[in-house]
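A.B. asks: Got a sequence here, can you model it:
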Amino acid sequence: MPAPAVPPPSGRITRLSVLGVTVLVFGAAVAVMTQQLRSGLREQILRREAEMLAAIASMQLDDAAEDVPAAMFVAILKTQKLAGVSGLRIYDSERRLNGTYLLPPTGTPPPDELWRRVAAGESIGRLYRNLSRDPDAEIIPTSTADAAFEAWVPLRRNRSASAIGAAQFWVEADRLLVELGAHDRRLWTQAAIAWIAGSLVIVSTLSWAFRRLDAANRALRARSEDLQRANRELVLAAKTSALGAVTAHLMHEIKNPLAGLESIVTAQTEAAGRDVARDGELAEASELTRRLRTMVNDVVAVLRDEQSGAEFELTSADVMDVVRAKVQADADARGVRVETAAPSDVALSGRRANLVTLVLRNLVQNALEATPAGGSVRIRSGAAPGGGLEFLVEDTGGGLPAAVQERLFQPCASTKLGGSGLGLALSQRLASQAGGRIELVRSDARGTSFRLVLEPEA
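C.D. replies: Below you'll find the model as predicted:
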């Protein structure tokens, strides 16, 4: 049976699951990378805002004449007018509070890690989206905004590398939130586009790979089936080749004794006189020996043609006429009509015609034995659907038993009295030698129909 073109439902579900899981995993990876990139960009934006305040503070310090605390406080205080600062604290180089603006004084110095980073020249920015709920945020009394930006910046003159202190700024975060929101929207939009495009590529690639895998599986199944069929044919060939050698030897050995037996039976028939019962028995024996002699002569003729290498041709109509002539006597004795029809005539090589004749002879003989008196056996030839030539042998018998149909072309026990069970198996082997095959078209109460299909000759 050929492999199905469409995978079974379980296979489709499994592949859809694989595609779905792959797309989800890819989406999760894109989301993780996007979140990491978002966090990095937010840190850069916050650092940029803090560095802008540090640059403005340095400009104000450059304009100050002295580094005394009062002068430094006045210089930094000017920064709040330029940067939208809502509050600030100033610390000197010893972490002591120098002054505050709109923020309550505090006796707690800046944390060690924070001061270490600021003293090293790093500007630090932190965004609080909800001041009232964030435990780390400081409540700014003068601000009505719920979100704020905190910046710690080192204080130093542009011409000096050492810090003279640090400043803590609290800035309104409305503009910053708008900017961060725009960055988030662009980033997640790009991530969604990348996920959709990547998913399409993944689905297309995996679908193509699955199709290639299906094709490879179908080819593998077909080759496995061909191998199994070849093994069966090899077993049958081994049996039939041995049987053929024995048959050739038997044909040679029994030809002359069979001719002598026919002569004896004929002489006894002529001497039977008016003994009707004995005459009928002898007539039946004479007919049986005649059929045996005809079959032996047919096989010997084929063997002789094979050995001689003679080249000749017969048409499909000629083959059917030969087969009809060989079975006509038996058909008349059974009261069965044999009909032939050849809409188109095709030439066959001699060897092929001989093998086809043997195959059709066996099929027609089986049809005659299965057809009751008054029935008919029809032999037709014509073009095969896939090219080449086909012969149809149809009878009006009662059909083949189901057990026989299951092992149609395999050696088995025969349902006919005296049968060997090898007829159809040998015929299939002969058809294969002729470059063809036998197929059962139908077998029911209306009768049985076999088709002999011959591939076009090379």
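A.B. asks: Helices of the stretch 251-400 of the chain, residue ranges please.
C.D. replies: Secondary structure of the stretch 251-400 of the chain (DSSP state H, counting those that start in this stretch): helices at 276-308, 316-334, 350-370.
A.B. asks: which of those helices has the lowest average pLDDT?
C.D. replies: Within the helices of the stretch 251-400 of the chain, confidence is poorest for helix 276-308, with a mean of 60 (mean pLDDT).
A.B. asks: What separation do you get for Ala194 and Ala148?
C.D. replies: According to C-beta to C-beta, to the nearest Å, Ala194 and Ala148 sit 34 Å apart. From N, CA and C alone the C-beta is placed, and that goes for glycine too.
A.B. asks: For those two, indicate the residue with more neighbours.
C.D. replies: Counted by other C-beta atoms under 10 Å, Ala194 and Ala148 do not tie: Ala148 has more neighbours, with 26 against 14.
A.B. asks: Does that one touch Gln168 like I think?
C.D. replies: No - shown here, Ala148 and Gln168 do not form a contact pair, counting by C-beta atoms under 8 Å, at 11.9 Å.
A.B. asks: List the contacts of Arg334.
C.D. replies: Contact partners of Arg334, counting by C-beta atoms under 8 Å, 6 or more residues apart in numbering, are Leu368, Thr371, Ala373.
A.B. asks: Relative to Asp332, how far out is the last one?
C.D. replies: Relative to Asp332, Ala373 is positioned 11 Å away (C-beta to C-beta).
A.B. asks: Could you check which of these two has the larger neighbour count?
C.D. replies: Neighbours per residue, other C-beta under 10 Å: of Ala373 and Asp332, the larger number sits with Asp332, 11 against 8.
A.B. asks: so how many other residues sit close to Val235?
C.D. replies: Neighbour count of Val235, defined by other C-beta under 10 Å: 12.
A.B. asks: Ok, Gln168 next?
C.D. replies: Count around Gln168 with other C-beta under 10 Å applied: 22.
A.B. asks: Give me the buried positions along the strand or helix carrying it.
C.D. replies: Assigned by DSSP states H and E, Gln168 falls within strand 165-172. Within strand 165-172, the residues scored as buried using 16 or more other C-beta atoms under 10 Å are Gly165, Ala166, Ala167, Gln168, Phe169, Trp170, Val171, Glu172.
A.B. asks: Who are the packing partners of it?
C.D. replies: Strand 165-172 is packed against helix 9-63, helix 79-83, strand 85-92, helix 112-119, strand 148-155, with contacts defined by 3 or more C-beta pairs under 8 Å, 6 or more residues apart in numbering; DSSP states H and E.
A.B. asks: Of those, which stretch is the most buried?
C.D. replies: Mean neighbour count (mean count of other C-beta atoms under 10 Å) peaks for strand 148-155 among the helices and strands packed on strand 165-172, with a mean of 25.
A.B. asks: Output it as CSV, restricted to C-alpha atoms.
C.D. replies: The C-alpha coordinates for strand 148-155 follow below in CSV (Å, rounded to 0.1, in the frame of the first residue of the first chain):
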residue,chain,number,x,y,z
ALA,A,148,10.1,62.4,40.4
PHE,A,149,13.7,62.0,39.2
GLU,A,150,16.5,61.9,41.8
ALA,A,151,20.1,62.7,40.6
TRP,A,152,23.3,62.5,42.5
VAL,A,153,26.1,64.4,40.8
PRO,A,154,29.7,65.2,41.7
LEU,A,155,30.5,68.9,42.1
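A.B. asks: Name the strands paired with that strand and say parallel or antiparallel.
C.D. replies: Partners of strand 148-155 in the sheet, by DSSP bridges, are strand 124-128 (antiparallel), strand 165-172 (antiparallel).
A.B. asks: how far off helix 112-119 does the longest one point, in degrees?
C.D. replies: Angle between the axes of strand 165-172 and helix 112-119 is 100 degrees (criterion: axes from the mean of the first three to the mean of the last three C-alpha atoms, to 10 degrees).
A.B. asks: what is the rounded mean pLDDT of strand 165-172?
C.D. replies: The model assigns strand 165-172 a mean pLDDT of 87.
A.B. asks: Equivalent analysis for stretch 336-344, please.
C.D. replies: Stretch 336-344 comes out at a mean pLDDT of 86.
A.B. asks: tell me how far the ends of it are from each other?
C.D. replies: Start-to-end span of stretch 336-344 (C-alpha to C-alpha, to the nearest Å) is 25 Å.
A.B. asks: Next, the contact list for Val323, please.
C.D. replies: For Val323, the contact set (C-beta under 8 Å, 6+ apart) comprises Thr357, Leu360, Arg361, Val364, Ile379.
A.B. asks: Direction included, what does the helix or strand hosting Arg451 pair against?
C.D. replies: In the assignment (DSSP H and E), Arg451 maps to strand 447-454. Looking at strand 447-454 with DSSP bridges, its partner strands are strand 389-395 (antiparallel), strand 436-444 (antiparallel).
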